[in-house]
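In: Mind looking at a prediction? Sequence and model below.
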Amino acid sequence: MTVAVRLQPGARRSQVDGTTQLDDGTAVLRARVSEPPEKGKANAALIKLLSKAWRLPKSAIELQSGQSDRRKTLLVIGGKERLDALSTWLGKLESDEKARGHGA
């Protein structure tokens, strides 16, 4: 499963902010990390943040594209149960965003 992410490095704190739709219509997960965008530190922090949120080992999340861009594509590796759990998490996040009047 791939997940599109819009990352804000150098933030005050690291957190997942929800989902949003970009100008080109792409739905992305919004996240921010406190690490700077240098030498892969922000990318590593993103993977650490999402592995904790998704309760996955860091090795199950790979940066597929966007090494030096704010827009990233992550590949989540795992069996059906793992991917179903992630789909449920993402669906709940989107539902919560819509209920609050934010997001896509």
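Out: Happy to help now that I have it.
In: List the residues that contact the closest residue to residue 29 other than its chain neighbours.
Out: Nearest residue to residue 29 in three dimensions, chain neighbours excluded: residue 5, at 4.9 Å (C-beta to C-beta, 6 or more residues apart in numbering). For the C-beta atoms, the positions are set from N, CA and C on the backbone; glycine is no exception. Going by C-beta atoms under 8 Å, 6 or more residues apart in numbering, residue 5 touches 28-31, 46, 66, 71-74.
In: repeat that for 7 Å
Out: The contact partners of residue 5, by C-beta atoms under 7 Å, 6 or more residues apart in numbering, come to 28-29, 31, 46, 72, 74.
In: What helices and strands are in contact with the helix ranked longest in the chain?
Out: Across the chain, the longest stretch assigned as helix under DSSP state H is helix 80-99. Packing contacts for helix 80-99, counted by 3 or more C-beta pairs under 7 Å, 6 or more residues apart in numbering; DSSP states H and E, involve strand 15-21.
In: strand partners of the strand it packs on, parallel vs antiparallel please.
Out: Paired with strand 15-21 in the same sheet, following DSSP bridges, are strand 27-32 (antiparallel).
In: For the partner strand, give me every contacting residue.
Out: Applying C-beta under 7 Å, 6+ apart, the set of residues contacting strand 27-32 is 3-8, 11, 14-22, 46, 49, 104.
In: what's the following helix or strand after it?
Out: helix 41-54 (DSSP states H and E).
In: Kindly calculate the angle that that next one makes with strand 27-32.
Out: Inter-element angle recorded for helix 41-54 and strand 27-32: 110 degrees (by axes from the mean of the first three to the mean of the last three C-alpha atoms, to 10 degrees).
In: Run the chain-centre distance for helix 41-54.
Out: 8 Å (C-alpha atoms, centre = their mean, to the nearest Å).
In: same deal with stretch 73-87?
Out: For stretch 73-87 - counting by C-alpha atoms, centre = their mean - the centre lies 12 Å from the chain centre.
In: With stretch 90-100 instead?
Out: 14 Å.
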